[in-house]
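J.: just a sequence and a predicted model for now, questions to come.
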Amino acid sequence: MKKRLIYLLFALLVSFSLLSQNERARNIRGTVTDAGSGEPLIGVSVFAPVSGAGVATDLDGKYAINVSPNDTTLHFSFVGYSAKSVNINNQTQIDVTLAEDIQSLEEVVVVGYGTQRKSDLTGAISVVDMKEISKRSVASLDQALQGQVAGVDVTSVSGSPGSSVMVRVRGIGTLNNSSPLYVVDGMMVGDINFLNMNDIESVQVLKDASATAIYGSRGANGVVIMTTKKGQKGSSVINFSTYYGIQNPWRSNNVCDGPTWGYLRNEMSVGLGGDILIQDPSTLPTVDYFKAITEKNAPVSNIDLSISGGMEKGTYFFSLNKFSQNGIIKKTGFDRITLRANSDYMVKPWLKVGENITLVKTDQKSQYENDEWTTPIITSFTRDPVTPIKNEEGAFTKSTYSDQWNPVAIIEYNNPKSLVYRAIANIYADISFLKNFIFRTSYSTEYSNNEYSNYIPVYYVFSAQQNPNVNSLTNSTYSSLIKQFTNTLTYEKRAGLHNISAMIGAESYSVFYKSLEATVKDIPSNDPNVIFIDNAKTKDTNASARGITSQGKQLSALARLNYSYMDKYLLTANFRADGSSKFVKGNRWGKFPSISLGWRVSEEPFMKSVEFLDNLKLRAGWGQIGNEASVDSYSYATFASSGANYPFGGVFTPGFSFNSTGNSELKWEKTTTTNVGVDFGLFNNKFSGTVELFNKITDDMLLRVPVPGQAGIMYPAFQNAGKMSNKGIEVSLQYKNFDHPLNYSLGVNFTTIKNEVLDLGSDKAFIDGASYLNTAFLTRTVVGKPIAQFYGLKTDGLFQNWDEVHAQTAQTNVAPGDVKYITVNKDDLFSSENYTFLGSPLPKFTYSFNANLAYKGFDLSCTLQGVYGNKVYNGPSIYVRSTQNLSYNYMRDMVNRWRGEGTQNDAKYPRFGGLDANNSIVQSDRYLEDGSYLRIKVLQLGYSIPAKYTKKAGIENIRFYANAQNLYTFTKYTGLDPEIGMRGGTDPLDIGVDRGYYPTPRLYSLGLNVTF
């Protein structure tokens, strides 16, 4: 009986247990299909938020999930589709259809030789907001990139119209060329000055090796990929846009007026032991030379017209653009006409052909600049402010007080100009076969011809500024022909939970360059219609000519594999092999691999309960890439130069000398990058961002290692002897809220990079750079420090009394009021022990802010851009803050000079008239200033007329806007502009040195956009 009771009790317990389990858990099954096609969707995430249960659909789109009684909804999500939540109620069978998320599907990013969904990216690739870019009134895209992308520094090389800018992706990576590679519609180009801003559809910046390795030897400095606009199927669309504006300098040179200059000059003369030079300085006039060489309201205009559309089998896009900009320095300007034609056509269901053609003509007028001697800008500082520009007879004057050139005369008698014709064409064909394969063949070519001329008439200002005998004409032509032939085969296949995309390809690239320059004298007339070389009277006897011809060829093989599992686990691998004619056999080929991984954490079931999290992706990548631009053609060869005469038997005999040597062992300069990143989106993706950490090391860096002077070699051979690193953090954050009548977005970009030179070929090696006034080098590059550090003597204020003077022995012939230097060697001021590193021209960090507001047709946008922590060498200060020279003008703040003990609290500059040369030492920190700045880059207010009023007239959209650019700059720098890049844009050892840079202009403009 007891046993029966036990069995019965056990059976009841089991029954109650099963019943309880049935109440606690319930199995739900179903199928998930595409709302459009009805096809099953594989890998859809099915998630129960309360219990945390989650599964994925199988190969047939089916799922089965156990839910608890507390679960009331199931959440279905899949990449590229809109998520859906379904109430469970008492259902055990729930079938769901998901609709494509159009916005998500449009987020396709152009990568090297293909495209990827943004959600599948594993490398460091930034997508530029073209809506923000289009608001800038600039000549070229590279200028518009400033402040738009974290990790991309854009610095003006010159404010002169048509001048290039310095673009650096993740810092200066080499002692050689650090410019990124530009790719336009698949073609690799050297610059993008030819592009019309309105023609650009999208811009992507590839920053790490895992993204750029597909470009192999050209990807070390980053890659900027641009695609131009295409037509859309449907009726034709006509776009017309135009703006007109005026430019002016946002700051003057701040030199003294006539009376102030006279008082200071008298004080300096007395300090030097002389007499009062000007009896009553208050009567002196004031001549503003900076105002005389600048335009108060220099015009800039842009007119753009495009027509686009398409039919069932093809699309087209045609555009015509006219851009014109006068410079704020007189007789400078830039004009460009651009004609573009893009089209494609489906010849067969399996064959698509197309072309991209651009024709460009540019006309640039410039003036000599960025030179510390006799350019218009530097002489507008140095020329005294009392001598008139012209005398009563209308002739240009010589200064009464010095031999400083007349800056207005410099502009009048120099007429350099450059006329460029450029044609860029690309034709391609896409062949689809076997369902999953696409073969693309593309041929691109670019021809460019630059015609430069400078006519100098006969003139005389004074003995140091003249061309007294005959006029001269210099003409030169520079032409280049680039050919690129690319063939790729792509395979794409989705099999169950696996998604595979593979590509292999081959590419050839060649550049042919030639130049010819000729100079003749004695043109019979100043009439522009007869200023030609053939019209020179003495062209046969006094003409000189020279030219250069060079070519380079490259052959490449490339491959890429993209793989994803469940659209959550991502892998990308790239490989490229490049062979270049710049190297000899044996070192000709370079191999460049990369790999990167991604994990879409937000797609994991255990993350579905985090309701505010919409996207979280972790990325990591590694790769090696080269720098083809680091070495010139024929650097492996040794060349002899004529003109060297040798004495044999007392007679000079013509001969040759070897001024430079080649190195047949040269090999590729390589950059290895490790990158870790995280992408996130919160609160329905209103708040999104990216954080990147990277380590970029350039090895086998090409540089000229010094050789003993007795070798007689002016330029030692290049060697693979250097190493440099850039470590940094990039942060991009954005908040968008479009849920209210007031739509707004806020964004911030932040980048900090630590540069360090790791090797220069010798433990004791150093490289000096940035020579100034032919007397000293301002920068020094050594192992263990960042590149191009400012180097010299360090000041310690001013001597205030004789006790301080007598307390030291290093400085001789000094007196109270003179500059005091910090010394290690107490006996010799100019001992190498006293020279030290004074600061870096590289900023500690760069940043930008973007804000946009829109309300009932009105829109307001603002961009702030800045740098922090860098030093700038104020070159003009050598002249205008001299305390010994009576020839130059002075900065206005020179009134704040030392005038006796007790003025140390407000005296910034030494006493006037100090005889000691210490007061004018170039190689010291006296002329280094804080180069940090924050600039209001863009401020724009626009209004769009409501469509209900415009459509009646057949107009899709009309927008008017007012724009201010470079409106104001907050900075402590006292020069014309703190934005100082590399000299010429290519010399990394000469950076941050202001030689009288052409300043960035301020612009006010009005614009109109109309779409028909």
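T.: Sure thing, it's come through.
J.: surely Y182 and G222 touch.
T.: No. Y182 lies out of contact with G222 (C-beta atoms under 8 Å); the separation is 10.0 Å. C-betas here are computed from N, CA, C, even on glycine.
J.: between those two, which one's more packed in?
T.: Applying other C-beta atoms under 10 Å to Y182 and G222 shows that G222 carries more neighbours, namely 28 against 20.
J.: check contacts around that one.
T.: G222 makes contact with 152, 169-170, 180-181, 205-207, 212, according to C-beta atoms under 8 Å, 6 or more residues apart in numbering.
J.: which element is the spatially most central residue of the chain on?
T.: Centroid-nearest residue in the chain: V167, 2.2 Å away (criterion: C-alpha atoms, centre = their mean). For V167, the host element (DSSP states H and E) is strand 165-169.
J.: mean confidence score for that strand?
T.: Averaged across strand 165-169, pLDDT comes to 92.
J.: okay, it in PDB with CA atoms only?
T.: Extracted in PDB, the C-alpha atoms of strand 165-169 (Å, rounded to 0.1, in the frame of the first residue of the first chain):
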ATOM      1  CA  VAL A 165      46.300  72.500 -50.400                       C
ATOM      2  CA  MET A 166      48.200  70.100 -48.200                       C
ATOM      3  CA  VAL A 167      46.200  67.000 -47.400                       C
ATOM      4  CA  ARG A 168      47.500  64.500 -44.900                       C
ATOM      5  CA  VAL A 169      45.700  61.300 -43.900                       C
END
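J.: note down every partner strand of the helix or strand following it and its orientation.
T.: Going down the chain from strand 165-169, the next helix or strand is strand 181-184, by DSSP H and E. If you go by DSSP bridges, strand 181-184 pairs up with strand 187-189 (antiparallel), strand 223-228 (parallel).
J.: helix or strand next in line after the first one, which one?
T.: Same thing as strand 187-189. Per DSSP H and E, the helix or strand that comes after strand 187-189 is strand 200-206.
J.: could you list the residues in contact with the following helix or strand past that following strand?
T.: For strand 200-206, the following helix or strand on the C-terminal side (DSSP H and E) is helix 209-212. Applying C-beta under 8 Å, 6+ apart, the contact partners of helix 209-212 are 111-112, 122-125, 181, 206, 219-220, 222-223, 572, 574, 594-596, 621-625, 671-673, 675, 696.
J.: now helix 209-212, how far from the centre of its chain.
T.: 18 Å (C-alpha atoms, centre = their mean, to the nearest Å).
J.: could you give the average pLDDT over it?
T.: Mean predicted confidence for helix 209-212 is 94.
J.: equivalent analysis for stretch 25-38, please.
T.: 83.
J.: next one: stretch 303-312
T.: The model assigns stretch 303-312 a mean pLDDT of 94.
J.: which residues sit against it?
T.: 196, 198-199, 229-242, 315-322.
J.: then it to PDB, C-alphas only?
T.: Output in PDB follows, covering the C-alpha atoms of stretch 303-312 (Å, rounded to 0.1, in the frame of the first residue of the first chain):
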ATOM      1  CA  ILE A 303      27.900  79.100 -62.600                       C
ATOM      2  CA  ASP A 304      26.800  75.500 -63.100                       C
ATOM      3  CA  LEU A 305      24.300  73.800 -65.400                       C
ATOM      4  CA  SER A 306      23.600  70.100 -65.600                       C
ATOM      5  CA  ILE A 307      21.100  67.900 -67.400                       C
ATOM      6  CA  SER A 308      20.600  64.300 -66.400                       C
ATOM      7  CA  GLY A 309      18.100  61.600 -67.000                       C
ATOM      8  CA  GLY A 310      17.700  58.100 -68.400                       C
ATOM      9  CA  MET A 311      15.600  55.600 -70.300                       C
ATOM     10  CA  GLU A 312      15.000  51.900 -69.900                       C
END
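J.: which of the residues in that stretch are buried?
T.: Under the neighbour-count criterion of 16 or more other C-beta atoms under 10 Å, stretch 303-312 has 304, 306-310 buried.
J.: now stretch 821-828: how far from the chain's centre is it?
T.: For stretch 821-828, the distance to the chain centre is 42 Å (C-alpha atoms, centre = their mean).
J.: follow-up on the earlier one: could you dump the strands paired with strand 181-184 into JSON lines with mean pLDDT, mean neighbour count and distance to N297 added?
T.: Output for the strands paired with strand 181-184, formatted as JSON lines (pLDDT from 0 to 100; neighbours: other C-beta atoms under 10 Å; distance: least, C-beta to C-beta, whole Å):
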{"stretch": "strand 187-189", "mean pLDDT": "95", "mean neighbour count": "20", "distance to N297": "34"}
{"stretch": "strand 223-228", "mean pLDDT": "95", "mean neighbour count": "22", "distance to N297": "33"}
